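Novice: Okay, sequence plus prediction incoming.
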Amino acid sequence: MRFLKGKDYKDASRKAANIISAQIIMKPNCVLGLATGSSPIGAYNQLIDWYKKGDLDFSEVSTINLDEYKGLSGEHKQSYRYFMNTNLFNHVNIEKSKTFVPDGLAEDDDKECARYNEIIKSRGIDLQLLGLGHNGHIGFNEPDDAFEKETHIVKLSENTILANSRLFKEVSQVPRYAFTMGIKNIMQARKIVVIVSGVDKADIVKEVFFGPVTPKVPGSILQMHNDVTVIGDEAAFSKISI
Ligand SMILES: N[C@@H]1[C@@H](O)[C@H](O)[C@@H](COP(=O)(O)O)O[C@@H]1O
């Protein structure tokens, strides 16, 4: 595992964007596994900036997102499809038909999980970007008794519902269920980049990357992957010595 410390969030975001853009330059038709949340926004902004300057081309890139709330349409402002469109896809020359996010309105959960899982397996992810939930979740893989392997529907923990309610008018509006890639899907990515920022992530960063590997802390499985880069600002890395 490599740790890259940025001076601040902007610096950390630029480092993450550098790795993503190197991936696109080395393999123009690469498959990027993308994440939502506040953590990757800075990296997305940097990528947009480089695209606008003519330094990056997304025309052959495909993307597969980690997760989506069940019950929200892609037009809903808090859906992850909407997030991706507004924070990245609408601003670069990516073909929308090559951007995948689970369908939050799918009527049959099992069918949607199988469909999405097939999208992941048939393409294969070259680089997976991740944020980290305060309870150590990656995607929406919540603490559990076992590592859930493939795409599945998950009941969100109270902790996650509360953390994510900051983006909704009130906590009751936060969906209780979500579709998410499983741990096996994430671990099969060739390369993984985790972005963390802020002092509120300092404890979980220590637990995930230096504590025991356990499904109670889902991100801890990343210790077993052979190509993980963790990028953070000083605050997020304040409880580890690297
Ligand atoms: N499903 C997403 C995760 O993919 C994300 O990593 C996490 C952390 O978000 P943030 O980066 O805003 O702290 O939030 C959500 O729950």
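Specialist: It's in.

Novice: the helices in this structure, which residues?
Specialist: Listed in chain order, the helices of the chain (DSSP state H) span 9-26, 41-52, 80-87, 109-123, 158-164, 183-187, 202-210.

Novice: In terms of mean pLDDT, which of those helices ranks lowest?
Specialist: Lowest mean pLDDT within the helices of the chain: helix 158-164, at a mean of 92.

Novice: right, and the helices of the chain - which one's nearest the ligand?
Specialist: helix 158-164 (5.5 Å; Cβ to the nearest ligand atom). All C-beta spots, glycine's among them, are computed from the backbone N, C-alpha and C.

Novice: is the closest one anywhere near the ligand?
Specialist: Yes: shown here: helix 158-164 in contact with the ligand (Cβ under 6 Å from any ligand atom) through 160, 164.

Novice: which parts of this protein sit against the ligand?
Specialist: Residues of the chain lying near the ligand (Cβ under 6 Å from any ligand atom): 35-39, 66-67, 131-133, 139-140, 160, 164.

Novice: Now which of those residues would you call buried?
Specialist: 35-37, 39, 66-67, 131-133, 139-140, 160, 164 (16 or more other Cβ atoms under 10 Å).

Novice: Same list, those, but as TSV with distance to residue 236 please.
Specialist: Shown next, in TSV, are these (distance: Cβ to Cβ, whole Å):
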residue	distance to residue 236
35	15
36	18
37	13
39	9
66	19
67	21
131	11
132	9
133	13
139	19
140	21
160	18
164	19
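
Novice: Pick the one among these closest to residue 124.
Specialist: residue 66 (15.3 Å; Cβ to Cβ).

Novice: for the closest residue to the closest one other than its chain neighbours, what are its contacts?
Specialist: In this structure, residue 66 finds its nearest non-sequential neighbour in residue 139, 3.8 Å apart by Cβ to Cβ, 6 or more residues apart in numbering. Listed by Cβ atoms under 8 Å, 6 or more residues apart in numbering, the contact set of residue 139 reads 35, 66-67, 130, 180-181, 186.

Novice: per-residue confidence at residue 139?
Specialist: pLDDT, residue 139: 97.

Novice: Make residue 1 into 14 and carry on from there
Specialist: All right, first residue 14 from here; so that's residue 152.

Novice: Could you report the distance from it to residue 212?
Specialist: Going from residue 152 to residue 212 by Cβ to Cβ, to the nearest Å gives 23 Å.

Novice: Which of the contacts of residue 152 fall within strands?
Specialist: 80, 143, 193 (DSSP state E).

Novice: Number of residues surrounding the residue lying closest to residue 73 once chain neighbours are set aside?
Specialist: In space, residue 73 comes closest to residue 42 once its chain neighbours are excluded; the distance is 4.0 Å by Cβ to Cβ, 6+ apart. Look at residue 42: counted by other Cβ atoms under 10 Å, it has 11 neighbours.

Novice: if I pick residue 42, what's in contact with it?
Specialist: 73-75.

Novice: which of the residues you listed lies closest to residue 244?
Specialist: Among these, and counting by Cβ to Cβ, the member closest to residue 244 is residue 74, at 20.3 Å.

Novice: hmm, back to that, now, among the buried ones among the residues of the chain next to the ligand, which is nearest to residue 216?
Specialist: residue 145 (10.9 Å).
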